[in-house]
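**Q** what shape does this take:
(2 chains)
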Amino acid sequence: DAKTTQPTSMDCAEGRAANLPCNHSTISGNEYVYWYRQIHSQGPQYIIHGLKNNETNEMASLIITEDRKSSTLILPHATLRDTAVYYCIVRSLSGSARQLTFGSGTQLTVLP
Amino acid sequence: EPEVTQTPSHQVTQMGQEVILRCVPISNHLYFYWYRQILGQKVEFLVSFYNNEISEKSEIFDDQFSVERPDGSNFTLKIRSTKLEDSAMYFCASQDGVRRENTEAFFGQGTRLTVV
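**A** The predicted structure follows:
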(Lines give C-alpha, C1' and ligand atoms only; values in the text may rest on other atoms or scores of the structure.)
Protein backbone atom coordinates (compact mmCIF):
# COMPACT_ATOMS: atom_id res chain seq x y z
CA ASP A 1 0.00 0.00 0.00
CA ALA A 2 1.15 3.51 -0.75
CA LYS A 3 2.52 5.57 2.13
CA THR A 4 0.64 8.64 3.34
CA THR A 5 1.87 11.83 5.00
CA GLN A 6 -0.32 13.89 7.31
CA PRO A 7 0.36 16.82 9.63
CA THR A 8 0.80 15.74 13.22
CA SER A 9 -1.82 18.10 14.60
CA MET A 10 -4.31 20.78 13.65
CA ASP A 11 -6.72 23.08 15.45
CA CYS A 12 -10.08 24.26 14.22
CA ALA A 13 -12.66 26.61 15.68
CA GLU A 14 -16.02 25.12 16.50
CA GLY A 15 -18.52 25.72 13.70
CA ARG A 16 -15.84 26.30 11.10
CA ALA A 17 -14.79 23.88 8.38
CA ALA A 18 -11.91 21.57 9.23
CA ASN A 19 -9.69 20.79 6.25
CA LEU A 20 -7.35 17.87 6.83
CA PRO A 21 -4.70 17.29 4.15
CA CYS A 22 -3.05 14.06 3.16
CA ASN A 23 -0.23 13.39 0.71
CA HIS A 24 -0.06 10.05 -1.08
CA SER A 25 2.27 10.76 -3.98
CA THR A 26 3.02 7.09 -4.68
CA ILE A 27 -0.59 6.02 -4.96
CA SER A 28 -1.28 3.61 -7.79
CA GLY A 29 -4.26 3.54 -10.11
CA ASN A 30 -6.32 0.96 -8.28
CA GLU A 31 -5.77 2.21 -4.73
CA TYR A 32 -8.58 3.88 -2.82
CA VAL A 33 -8.13 6.66 -0.28
CA TYR A 34 -9.86 5.91 3.04
CA TRP A 35 -10.38 8.16 6.03
CA TYR A 36 -10.99 6.87 9.54
CA ARG A 37 -10.96 8.64 12.87
CA GLN A 38 -10.34 7.52 16.42
CA ILE A 39 -11.89 9.38 19.30
CA HIS A 40 -9.90 8.97 22.50
CA SER A 41 -8.85 5.30 22.17
CA GLN A 42 -12.26 4.16 20.98
CA GLY A 43 -12.42 1.87 17.97
CA PRO A 44 -11.54 3.53 14.66
CA GLN A 45 -14.59 4.89 12.88
CA TYR A 46 -14.99 4.90 9.11
CA ILE A 47 -15.62 8.33 7.62
CA ILE A 48 -15.39 8.19 3.84
CA HIS A 49 -13.44 6.76 0.94
CA GLY A 50 -12.87 7.52 -2.74
CA LEU A 51 -10.95 6.53 -5.83
CA LYS A 52 -10.66 9.62 -7.99
CA ASN A 53 -13.92 11.53 -7.84
CA ASN A 54 -14.83 13.81 -4.98
CA GLU A 55 -17.13 12.16 -2.49
CA THR A 56 -19.58 13.47 0.09
CA ASN A 57 -21.60 11.78 2.79
CA GLU A 58 -23.37 12.86 5.95
CA MET A 59 -20.11 13.13 7.86
CA ALA A 60 -17.64 14.71 5.49
CA SER A 61 -16.42 15.49 2.00
CA LEU A 62 -13.35 14.05 0.34
CA ILE A 63 -11.55 16.05 -2.29
CA ILE A 64 -8.96 14.13 -4.33
CA THR A 65 -6.64 16.05 -6.65
CA GLU A 66 -6.72 15.23 -10.32
CA ASP A 67 -3.30 13.55 -10.19
CA ARG A 68 -4.49 11.65 -7.07
CA LYS A 69 -1.29 12.48 -5.21
CA SER A 70 -3.08 14.24 -2.41
CA SER A 71 -6.50 14.58 -0.84
CA THR A 72 -8.34 16.69 1.70
CA LEU A 73 -10.96 15.60 4.17
CA ILE A 74 -13.44 18.36 4.93
CA LEU A 75 -15.64 18.44 7.99
CA PRO A 76 -17.96 21.28 7.01
CA HIS A 77 -19.03 22.45 10.49
CA ALA A 78 -16.69 21.03 13.10
CA THR A 79 -18.05 20.37 16.58
CA LEU A 80 -16.24 19.58 19.82
CA ARG A 81 -17.14 15.92 19.29
CA ASP A 82 -15.05 15.89 16.12
CA THR A 83 -11.90 16.16 18.21
CA ALA A 84 -10.06 12.97 17.29
CA VAL A 85 -7.09 11.46 15.47
CA TYR A 86 -7.85 11.33 11.75
CA TYR A 87 -6.17 8.67 9.63
CA CYS A 88 -5.69 8.84 5.87
CA ILE A 89 -5.11 5.33 4.51
CA VAL A 90 -4.39 4.20 0.98
CA ARG A 91 -5.54 0.71 0.35
CA SER A 92 -4.36 -1.68 -2.33
CA LEU A 93 -6.91 -3.72 -4.19
CA SER A 94 -4.46 -6.33 -5.40
CA GLY A 95 -3.70 -9.54 -3.61
CA SER A 96 -5.61 -11.02 -0.72
CA ALA A 97 -4.67 -8.49 1.92
CA ARG A 98 -7.53 -6.28 2.94
CA GLN A 99 -6.25 -5.02 6.24
CA LEU A 100 -5.87 -1.33 6.97
CA THR A 101 -2.42 0.08 7.71
CA PHE A 102 -2.74 2.93 10.19
CA GLY A 103 -0.15 5.65 10.41
CA SER A 104 0.17 8.27 13.10
CA GLY A 105 -2.69 10.37 11.73
CA THR A 106 -3.57 14.00 12.45
CA GLN A 107 -4.76 15.00 15.90
CA LEU A 108 -7.59 17.44 15.22
CA THR A 109 -8.58 19.59 18.15
CA VAL A 110 -11.80 21.55 17.80
CA LEU A 111 -11.67 24.63 20.00
CA PRO A 112 -14.74 26.28 21.55
CA GLU B 1 -27.41 0.66 13.13
CA PRO B 2 -25.54 -2.67 13.22
CA GLU B 3 -22.34 -2.68 15.20
CA VAL B 4 -19.42 -4.86 16.19
CA THR B 5 -19.54 -5.73 19.88
CA GLN B 6 -16.60 -6.79 21.99
CA THR B 7 -16.44 -8.34 25.44
CA PRO B 8 -15.14 -7.76 27.98
CA SER B 9 -14.41 -4.05 27.81
CA HIS B 10 -11.52 -4.49 30.23
CA GLN B 11 -9.62 -7.63 31.13
CA VAL B 12 -6.88 -7.89 33.73
CA THR B 13 -4.82 -11.05 33.74
CA GLN B 14 -1.66 -12.37 35.30
CA MET B 15 1.40 -12.92 33.14
CA GLY B 16 1.44 -16.45 31.75
CA GLN B 17 -2.32 -16.87 31.85
CA GLU B 18 -4.47 -17.53 28.81
CA VAL B 19 -7.04 -14.96 27.76
CA ILE B 20 -9.84 -15.07 25.23
CA LEU B 21 -11.17 -11.86 23.78
CA ARG B 22 -14.60 -12.08 22.22
CA CYS B 23 -16.20 -10.28 19.34
CA VAL B 24 -19.58 -10.44 17.66
CA PRO B 25 -19.14 -9.11 14.12
CA ILE B 26 -21.91 -7.55 12.11
CA SER B 27 -24.31 -10.14 10.81
CA ASN B 28 -23.69 -11.21 7.20
CA HIS B 29 -20.18 -9.82 7.15
CA LEU B 30 -17.60 -12.20 5.78
CA TYR B 31 -14.21 -10.68 6.64
CA PHE B 32 -13.03 -10.42 10.23
CA TYR B 33 -9.98 -8.76 11.73
CA TRP B 34 -8.12 -8.22 14.96
CA TYR B 35 -6.00 -5.13 15.54
CA ARG B 36 -4.23 -3.93 18.62
CA GLN B 37 -3.07 -0.57 19.92
CA ILE B 38 -0.45 -0.30 22.62
CA LEU B 39 -0.98 2.84 24.68
CA GLY B 40 0.26 5.88 22.79
CA GLN B 41 1.16 3.92 19.67
CA LYS B 42 -0.37 3.19 16.28
CA VAL B 43 -3.20 0.80 15.56
CA GLU B 44 -1.51 -2.40 14.35
CA PHE B 45 -2.97 -5.18 12.25
CA LEU B 46 -2.82 -8.66 13.76
CA VAL B 47 -4.84 -11.05 11.64
CA SER B 48 -7.60 -11.33 9.08
CA PHE B 49 -10.02 -14.23 8.80
CA TYR B 50 -12.20 -15.30 5.90
CA ASN B 51 -14.01 -18.48 5.01
CA ASN B 52 -13.09 -20.05 8.34
CA GLU B 53 -9.38 -19.62 7.96
CA ILE B 54 -6.67 -17.05 8.46
CA SER B 55 -6.11 -15.08 5.26
CA GLU B 56 -3.35 -12.76 6.46
CA LYS B 57 -1.37 -12.29 9.64
CA SER B 58 1.30 -9.89 10.78
CA GLU B 59 4.63 -10.60 12.44
CA ILE B 60 3.01 -9.81 15.78
CA PHE B 61 0.62 -12.74 15.40
CA ASP B 62 2.96 -15.49 16.54
CA ASP B 63 2.25 -18.94 17.92
CA GLN B 64 0.91 -17.46 21.15
CA PHE B 65 -2.08 -16.10 19.27
CA SER B 66 -4.97 -17.94 17.69
CA VAL B 67 -8.36 -17.00 16.29
CA GLU B 68 -11.55 -18.93 15.98
CA ARG B 69 -15.11 -18.54 14.83
CA PRO B 70 -16.61 -21.29 16.92
CA ASP B 71 -20.33 -20.90 16.29
CA GLY B 72 -20.89 -18.75 13.24
CA SER B 73 -21.49 -15.58 15.24
CA ASN B 74 -18.59 -15.10 17.65
CA PHE B 75 -15.04 -14.37 16.59
CA THR B 76 -12.42 -14.89 19.27
CA LEU B 77 -8.78 -14.02 19.81
CA LYS B 78 -6.88 -16.26 22.20
CA ILE B 79 -3.52 -15.39 23.70
CA ARG B 80 -2.09 -18.59 25.06
CA SER B 81 0.42 -17.32 27.61
CA THR B 82 0.20 -13.60 28.12
CA LYS B 83 3.25 -11.38 28.45
CA LEU B 84 3.50 -7.91 29.90
CA GLU B 85 3.97 -6.50 26.40
CA ASP B 86 0.59 -7.91 25.33
CA SER B 87 -1.04 -5.14 27.34
CA ALA B 88 -2.97 -3.10 24.78
CA MET B 89 -6.39 -2.24 23.38
CA TYR B 90 -7.56 -5.01 21.08
CA PHE B 91 -10.01 -4.09 18.35
CA CYS B 92 -12.15 -6.46 16.36
CA ALA B 93 -13.44 -5.40 12.93
CA SER B 94 -15.70 -6.91 10.32
CA GLN B 95 -16.33 -6.16 6.69
CA ASP B 96 -18.92 -6.95 4.09
CA GLY B 97 -17.74 -9.42 1.48
CA VAL B 98 -19.95 -8.51 -1.39
CA ARG B 99 -18.01 -5.54 -2.74
CA ARG B 100 -14.86 -6.60 -0.99
CA GLU B 101 -12.46 -4.20 -2.61
CA ASN B 102 -13.99 -0.97 -1.52
CA THR B 103 -16.21 -1.62 1.45
CA GLU B 104 -15.38 -0.17 4.81
CA ALA B 105 -14.40 -2.11 7.92
CA PHE B 106 -16.45 -1.53 11.06
CA PHE B 107 -14.61 -1.62 14.37
CA GLY B 108 -15.74 -2.57 17.83
CA GLN B 109 -15.06 -0.40 20.87
CA GLY B 110 -12.19 -2.58 21.94
CA THR B 111 -11.06 -4.67 24.89
CA ARG B 112 -8.41 -3.17 27.11
CA LEU B 113 -6.10 -6.01 28.14
CA THR B 114 -3.85 -5.39 31.11
CA VAL B 115 -1.26 -8.02 31.91
CA VAL B 116 0.20 -7.77 35.41
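**Q** the closest residue to chain B within chain A - how many residues pack around it?
**A** Closest residue of chain A to chain B, CB to the nearest CB: A:Gly43 (3.4 Å). For glycine as for every other residue, the C-beta is placed from the backbone atoms N, C-alpha and C. A count of nearby residues for A:Gly43, using other CB atoms under 10 Å in any protein chain shown, gives 22.
**Q** ok, now which ones touch it?
**A** For A:Gly43, the contact set (CB atoms under 8 Å, 6 or more residues apart in numbering or on different chains) comprises B:Val4, B:Phe91, B:Ala93, B:Phe107, B:Gly108, B:Gln109, B:Gly110.
**Q** so the residue nearest to the spatial centre of chain B, which of the three states?
**A** The residue lying closest to the centre of chain B (CA atoms, centre = their mean) is B:Trp34, at 2.9 Å. Assigned by DSSP: H, G, I helix; E, B strand; the rest coil, the conformation of B:Trp34 is strand.
**Q** next, the contact list for A:Glu66, please.
**A** Taking CB under 8 Å, 6+ apart, we find A:Glu66 in contact with no residue.
**Q** please redo it, this time with the cut-off set to 10 Å
**A** Residues near A:Glu66 by CB atoms under 10 Å, 6 or more residues apart in numbering or on different chains: A:Lys52.
**Q** in a helix, it, correct?
**A** No. If the criterion is three-state DSSP, then A:Glu66 is coil and not within a helix.
**Q** just to revisit the earlier point, for the residue nearest to the centre of chain B, give me the pLDDT.
**A** If you check B:Trp34, the pLDDT there is 97.
**Q** what's the answer for A:Gly95, then?
**A** The model reports A:Gly95 with a pLDDT of 52.
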